[in-house]
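Asks: mind looking at a prediction? Sequence and model below.
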Amino acid sequence: MVQPDGFCNAACGYCYLPDKDRRAPMTIEVAEAVARSIAEFATADDPVDLVWHAGEPLTLGVPRFTELADPFEDLRQEGRLQHYVQTNGTLISDRWCEFFASREVRVGVSIDGPADCNTERVDRRGKPIFDRITRGIDHLRRHEIGFSALAVVTAAGIGRPEELLEFFAELGCHTVGFNIEESEGASTDRPTPTFEDATDFWRRAIAWTRSNPRLAVREIDRLGGYLRALRAGGGWRHVLIDPIPTISSAGEVVLLSPELSGVKAPRYQNFRAGNILELSLRRMLADAHQLRYVDEFPTGLDACEATCEFFDFCRGAQAGNRYFENGRFDTTETNYCRVSRQALLTALSDTVRTETTP
């Protein structure tokens, strides 16, 4: 995960980013250092997904972004790296589409559904950006660039899964992911959906997808992958946790959760694993066990495994949510677990029970 600039041209009401108001573009030196680190371990059989993310990557403009992408070009052409970009879509233009096509960038667009579900997505003047997002998506369509969608499900959308799914099916994305609103980062004082709300949302979403296979839903596909693994006699106990190295525009690296980037926490030395200009990713990962928060995290996972019936599917949820909800990493259940993992599995169980009860 690479943050080419912490700045964002939007001011979404639920945004977790602490530095979204500050321009701090990544230097070419940082990009080159990231590329050198990736070259140490990326192979064509095991390529690296490089995700350009947070704040709004496209604010850099095509020329500057191209300069940052150039150090990775040999890796990409060798099949050792795949570019992704997660964008709010407002700045997508013909020129951006030409760049995406030339570098085979996989595009994700953040949009929460119909206009009345996007009221939290506004610009810095408080004006809705829905029309600008859809104009950007129109550019992708005209250039025949496939894209995924990422939606934050707030209180305004949690009771409307069928409407949301129909919207995304018509939008033309190949996949949609639903992030039920969380309490994290700079956004910790907003009401979030309950377990009951989320269970109803997922139950109805499962029903919709069964009769509408034209749209893939990330979370339901994940559930399907888990069930297939179970039928094959395994499950996910062999699956390792991705450390998700997240590199700021200044080269600072945090592990386990991108939401920890830029967060001040003296207890955990601000989650700093090192700076890419001074240490390689390989070295940071080798020394990660010495970081207090990384050392705490497995303790929480062990407690989850010992106490939670959902662990085999959930795998312990996310490190960032543990910190923002509980203040530590060696804790167990979070609301994220409940609404994004437990509620999904409960919804499937309810569906099966209803269909098999005489």
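Replies: Arrived safely, thanks for sending. Numbers count the residues shown, from 1 in each chain.

Asks: could you list the low-pLDDT ranges of the chain?
Replies: Residue ranges of the chain with pLDDT under 70: 19, 21, 183-190, 317, 357-358.

Asks: going along the chain, name the strands of the stretch 151-300 of the chain.
Replies: With strands called from DSSP state E, counting those that start in this stretch, the stretch 151-300 of the chain shows them at 175-180, 216-217, 246-247, 252-254, 274-275.

Asks: mind listing the strands the last one pairs with, and their directions?
Replies: With DSSP bridges as the criterion, the sheet partners recorded for strand 274-275 are strand 252-254 (antiparallel).

Asks: other residues contacting the strand it pairs with?
Replies: The contact list for strand 252-254 (Cβ atoms under 8 Å, 6 or more residues apart in numbering) reads 245-248, 260-261, 271-276, 281, 284. The C-beta positions use only the backbone N, C-alpha and C, and glycine is treated the same way.

Asks: which of those lies closest to residue 296?
Replies: Nearest to residue 296 out of the contacts of strand 252-254 is residue 271 (Cβ to Cβ; 11.5 Å).

Asks: residue 203: neighbouring residues, count only.
Replies: 20 (other Cβ atoms under 10 Å).

Asks: ok, and the closest non-adjacent residue to it?
Replies: Distances taken as Cβ to Cβ, 6 or more residues apart in numbering place residue 347 nearest to residue 203, at 3.9 Å, with adjacent residues excluded.

Asks: tell me which residues in the helix or strand where the one you found lies are buried?
Replies: Using DSSP states H and E, residue 347 sits in helix 343-356. With burial defined by 16 or more other Cβ atoms under 10 Å, the residues of helix 343-356 counted as buried are 343-348, 351.

Asks: next, residue 92: secondary structure please.
Replies: Secondary structure state of residue 92, per DSSP: H, G, I helix; E, B strand; the rest coil, is coil.

Asks: and it, what does it touch?
Replies: Taking Cβ under 8 Å, 6+ apart as the test, what residue 92 contacts is 58, 109, 135-137, 139-140.

Asks: make a PyMOL selection of the buried ones in those residues.
Replies: The following PyMOL line selects those of those that are buried, judged by 16+ other Cβ under 10 Å:
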select buried, resi 58+109+136+137+139+140
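
Asks: reformat the contacts of residue 92 as CSV; add secondary structure and distance to residue 356.
Replies: As requested, those are exported to CSV (DSSP: H, G, I helix; E, B strand; the rest coil; distance: Cβ to Cβ, whole Å):
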residue, secondary structure, distance to residue 356
58, helix, 49
109, strand, 39
135, helix, 47
136, helix, 45
137, helix, 41
139, helix, 47
140, helix, 42
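
Asks: closest to residue 150 out of the contacts of residue 92?
Replies: residue 109 (7.2 Å).

Asks: can I assume that closest one is in contact with residue 136?
Replies: Yes: using Cβ atoms under 8 Å, residue 109 is in contact with residue 136, at 7.0 Å.

Asks: which residues do these two both contact?
Replies: Contacts common to residue 109 and residue 136, judged by Cβ under 8 Å, 6+ apart, are 87, 89, 92.

Asks: follow-up on the earlier one: do I have it right that the residue nearest to residue 203 meets residue 207?
Replies: No: counting by Cβ under 8 Å, residue 347 does not reach residue 207; the two are 9.3 Å apart.

Asks: in the stretch 101-250 of the chain, which spans are helices?
Replies: Per DSSP state H, counting those that start in this stretch, the stretch 101-250 of the chain carries helices over the ranges 130-142, 161-171, 195-211, 218-231.

Asks: distance to residue 81 for these - can I get that in TSV?
Replies: What follows is the helices of the stretch 101-250 of the chain, written out as TSV (distance: least, Cβ to Cβ, whole Å):
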stretch	distance to residue 81
helix 130-142	22
helix 161-171	28
helix 195-211	32
helix 218-231	22
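
Asks: would a markdown table of the strands of the stretch 151-300 of the chain with distance to residue 312 and mean neighbour count be doable?
Replies: Formatted as a markdown table, the strands of the stretch 151-300 of the chain follow (distance: least, Cβ to Cβ, whole Å; neighbours: other Cβ atoms under 10 Å):
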| stretch | distance to residue 312 | mean neighbour count |
| --- | --- | --- |
| strand 175-180 | 21 | 22 |
| strand 216-217 | 21 | 19 |
| strand 246-247 | 27 | 25 |
| strand 252-254 | 28 | 24 |
| strand 274-275 | 33 | 18 |
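
Asks: thank you, goodbye.
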